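1. Have a look at this prediction, sequence included:
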Amino acid sequence: MKIKKNQSNNFFRAVCLCFSLVLLMLLINSHVQLMTVDRELLRLEEELAKAEDEIEILRVRNENRISLEQLENLALNSLGMHRPGVGQVYFGILPG
């Protein structure tokens, strides 16, 4: 009877040990997955910050954009500039 009780205790201990090892492996696996997700989150946050900076740069460029017609109007009317005369040398882009 005592031998059966020892075998029963040994079996119970073995089952508990196996169960504990499985739980430990699951815990380690979940920790590794959490670290991977955390690393990916940091990478995505950096990418988002870069994209937001680029959007801001493009927004400012778009706000500061001026058409050639507006530029010509500004030069002729506000700044007192004029088109070059026939005998003058012209440097730059020829008007289309």
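-> That came through fine. Being a predicted model, the structure only gives us computed values, none of them experimental.

2. what element comes up after the longest helix along the chain heading to the C-terminus?
-> For the chain, the longest helix by residue count, based on DSSP state H, is helix 2-63. Per DSSP states H and E, the first helix or strand lying C-terminal to helix 2-63 is helix 68-73.

3. Give me the average confidence score over that following helix.
-> Mean per-residue pLDDT for helix 68-73: 84.

4. Repeat that for stretch 43-54.
-> pLDDT averaged over stretch 43-54 gives 96.

5. what do you get for stretch 15-23?
-> Across stretch 15-23, the average pLDDT comes to 96.

6. Val89 versus Ile28, what's the distance?
-> 78 Å (Cβ to Cβ, to the nearest Å). Just so you know, the C-beta spots here come from the backbone N, C-alpha and C atoms, and that holds for glycine as well.

7. Please identify which of these two sits among more neighbours.
-> Between Ile28 and Val89, counting by other Cβ atoms under 10 Å, Ile28 is the more crowded of the two (10 against 5).
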